[in-house]
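Peer 1: sequence-free structure coming up:
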Ligand code: 5GP
C-alpha cells in the first residue's frame, strides 16, 4: 500500500480556514484531520481530544524534549504553545490515509523542511479590505487587536511564494473553496511518484 500524503493548510486570521477545513472534512470523511496540542485554555464549546488536546506548559515541554512533536510554535502574542503530535500523523500516513494539518506558517515551514513530500496550501482572503471587514464583523476583537492581526496577516502572506498552492476564499463560497482544495488533494494522489505500483502491474 502506498503511503498517504500530508497536506498542510495555513491562512491568516480572517481567511476562513477553520470553516473551510470543517466543510472539507464533512464532505470527505476519508481525510484525517490532525488534532493539535496546545497550552491555551479551551474556548466555550471546545472539547479536549476533539478541537485540541489541552495540556499544561510543562507537559508540552516534556513532549518536545521526548521528540514527540512533528512541529510546534510558541506564540509570543498569547504566550501559548501549539504543536502537532507526531505519532498519530505517522500512523495515519503509514496506513495510506491522507492527513490534514491546519497550522500557522512557522509550523508549516518546519514540517516542509523535515518532510519534502508534504503539500502546502495557503488559504487567503480575496484582499485586505475583505480581510479587515471579516475581522471587524466577528466582533470579538478590539480595534487594536484587529490592527495587530492585519499586520500579522501581511507578514504571513509574505510566505505565500514558499507554499505549493494558494486558494482564495471568496465571501459566501465555502463549499467552492473546500471543493477546490479537494481537487488539489485528488491531483496529488495521481502524481506519478504516488502511482509507481501501476508499472509493477505491467511487469
Ligand atoms: P486558535 O488559538 O485560534 O485556535 O489558533 C491560533 C493559531 O494557531 C491558528 O493560526 C492555528 O492555525 C494555529 N495552530 C493550531 N494548531 C497548531 C499546531 O499544531 N501547530 C502550529 N504551528 N500552529 C497551530
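Peer 2: Yep, that arrived. All figures in this text were calculated on a predicted structure; none of them were measured in a lab.
Peer 1: residues from this protein in reach of the ligand?
Peer 2: 36, 40, 71, 73, 82, 83, 84, 102, 103, 104, 106, 107 (C-beta under 6 Å from any ligand atom). (C-beta placed from N, C-alpha, C; glycine too.)
Peer 1: for the fourth one, what are its contacts?
Peer 2: To tie it back to what came earlier, the one meant is residue 73. 81, 82, 83, 103, 104, 106, 107 (C-beta atoms under 8 Å, 6 or more residues apart in numbering).
Peer 1: tell me which of those is nearest to the ligand?
Peer 2: residue 107 (2.4 Å; C-beta to the nearest ligand atom).
Peer 1: From the opening residue of stretch 13-20 to its closing one, how far?
Peer 2: Stretch 13-20 has an end-to-end distance of 13 Å (C-alpha to C-alpha, to the nearest Å).
Peer 1: ugh, wrong one, stretch 152-168
Peer 2: Span of stretch 152-168 from end to end, C-alpha to C-alpha: 18 Å.
Peer 1: buried set for that stretch?
Peer 2: For stretch 152-168, a neighbour-count test (16 or more other C-beta atoms under 10 Å) marks 153, 156, 157, 159, 163, 165, 167 as buried.
Peer 1: same question, stretch 12-26
Peer 2: 12, 13, 14, 15, 16, 17, 20, 21, 23, 24, 25.
Peer 1: Which strands or helices does the helix or strand of the chain with the lowest mean pLDDT pack on?
Peer 2: The helix or strand of the chain with the lowest confidence, counting by mean pLDDT, DSSP states H and E, is helix 197-201 at a mean of 81. Counting contacts by 3 or more C-beta pairs under 8 Å, 6 or more residues apart in numbering; DSSP states H and E, helix 197-201 is packed against no other helix or strand.
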